[in-house]
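> Quick one, what's the 3D model for this:
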Amino acid sequence: MRKSLDDLGRHIEGLAEHYPFDLHWQIRPVGTHDAVGRKADQTVASFSTRKVSVMLACLALVEEGRLSLDQTLTIRPEMKEGVQAGIMRNLSSGIELTLRDSLIQVMSTSDNICTQLVFEAIGSVESDPLQWVNDYCAWVGLYSTMHREIFPRSAEFTWSHSLDSVTVTTAADQCLLLERLGRGCRSEEGAEVLRLSSEQCRFALGAMTTIFTPALGISTRDIQFAEKNGRGLRGLSQVGLALRDGREPLAAVAIYAESIPTTLPNRVPGRVAAFDLFARVGIAVEEWSYVQ
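As a prediction, this is how the structure comes out:
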């Protein structure tokens, strides 16, 4: 497996050479201690990939019996201010959603109103919901991840904004989290590391398969990805679990494209090129899966 994983790493490095932006990435097969990547320990802006750890921190409270997936949360008018992601901003205020539906919307459309609802639910049982999420990240080993805001005011940033103003993470942290989620789906012992049950881990995995904007799995045929996207002014990212038969976790993948030019020399928009690379990485992981 190690040789094939190294081959996969060299292949991705070869792909990256053709794109004029900085790349931070890691791949970790589930159930092993192996990993391959580049600049995986360097801090990057997390943006919406942060929401995977927010979801799991919330589910830990569900597992403790302090929250319920069936409890209802209400969208208030002030929650819509400055929101750019998701569909709830276009719907009427006063709508009630269950915590379950809110978590699924956070994963599928990256809805920032639903993200606020999830933090509100956490805040109903914890005095500082942001600190709870940061504590959770530390408990499960994400030592380079720091949540700094409940709702990032991305519209107020410039392309050259500082990392000090946003939630940060590393590709290695995100791969560790997802690899442990994969283990948690396989066994109760694995789930305990995340302070969850296997049932909660499988719920999280299922929520991540509902994403409206897949990138890693958009061109694969024989494997699927449970994934989450991140979008910043100068960066795009995609994290996910490669799945065999739609349910068996194979490998955790985290890829962060940073300092993406608005336009490439060939006039292709930089973001289009980044999504093209993400799709190629997904195909490379699929090809690697054939020899496992």
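> Help me confirm that Val281 is found in a helix?
Yes. According to DSSP: H, G, I helix; E, B strand; the rest coil, Val281 belongs to a helix.
> if I look at it, how far off is Glu227?
Counting by C-beta to C-beta, to the nearest Å, the separation of Val281 from Glu227 is 11 Å. In short, each C-beta sits where N, CA and C put it, glycine included.
> Verify the stated contact: Thr169 with Lys51.
No. With contact defined as C-beta atoms under 8 Å, Thr169 and Lys51 do not form a contacting pair (11.3 Å).
> Compare neighbour counts for those two and give me the winner.
Applying other C-beta atoms under 10 Å to Thr169 and Lys51 shows that Thr169 carries more neighbours, namely 29 against 24.
> contacting residues for the more buried one?
43-44, 46, 49-50, 142, 144-146 (C-beta atoms under 8 Å, 6 or more residues apart in numbering).
> Using CSV, list the CA coordinates for the helix or strand encompassing Ala191.
Secondary-structure assignment from DSSP states H and E places Ala191 in helix 188-192. C-alpha atoms of helix 188-192 as CSV (Å, rounded to 0.1, in the frame of the first residue of the first chain):
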residue,chain,number,x,y,z
GLU,A,188,-17.7,2.0,18.0
GLU,A,189,-14.1,2.1,19.3
GLY,A,190,-13.2,4.4,16.4
ALA,A,191,-16.2,6.6,17.1
GLU,A,192,-15.3,7.1,20.7
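> For the following helix or strand past that helix, give the mean pLDDT please.
Per DSSP H and E, the first helix or strand lying C-terminal to helix 188-192 is helix 198-208. Averaged over helix 198-208, pLDDT sits at 97.
> what do you get for stretch 71-83?
The model assigns stretch 71-83 a mean pLDDT of 85.
> likewise stretch 231-246?
92.
> so how far is that stretch off the chain centroid?
6 Å (C-alpha atoms, centre = their mean, to the nearest Å).
> buried ones in that stretch?
Neighbour-count burial for stretch 231-246 flags 231-232, 234-243 (criterion: 16 or more other C-beta atoms under 10 Å).
> Dump those into a markdown table; add secondary structure and distance to Ile223 as well.
Putting the buried residues of stretch 231-246 into a markdown table (DSSP: H, G, I helix; E, B strand; the rest coil; distance: C-beta to C-beta, whole Å) gives the following:
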| residue | secondary structure | distance to Ile223 |
| --- | --- | --- |
| Arg231 | strand | 24 |
| Gly232 | coil | 27 |
| Arg234 | coil | 30 |
| Gly235 | coil | 26 |
| Leu236 | strand | 22 |
| Ser237 | strand | 20 |
| Gln238 | strand | 15 |
| Val239 | strand | 16 |
| Gly240 | strand | 11 |
| Leu241 | strand | 10 |
| Ala242 | strand | 5 |
| Leu243 | strand | 6 |
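> Next, give me the two most distant ones among the residues you listed.
Farthest pair in these (C-beta to C-beta) is Arg234 and Leu243. Separation: 30.5 Å.
> number of nearby residues for the closest residue in space to Arg202 that isn't next to it in sequence?
In space, Arg202 comes closest to Cys185 once its chain neighbours are excluded; the distance is 5.3 Å by C-beta to C-beta, 6 or more residues apart in numbering. The number of residues packed near Cys185 is 26, by other C-beta under 10 Å.
> Number the chain from 18, please
With the count now opening at 18, the last piece we talked about shows up as Cys202.
> Any buried residues in stretch 182-200, and which?
In stretch 182-200, counting by 16+ other C-beta under 10 Å, buried: 183-200.
> what do you get for stretch 95-110?
In stretch 95-110, residues buried by neighbour count (16+ other C-beta under 10 Å) are 96-97, 100, 102-103, 105-106.
> so how far is it from its chain's centroid?
Worked out by C-alpha atoms, centre = their mean, stretch 95-110 lies 21 Å from the chain centre.
> how long is it from one end to the other?
Stretch 95-110 has an end-to-end distance of 9 Å (C-alpha to C-alpha, to the nearest Å).
> neighbouring contacts of it?
65, 92-94, 112, 122, 126-131, 133-134, 168, 170-172, 248.
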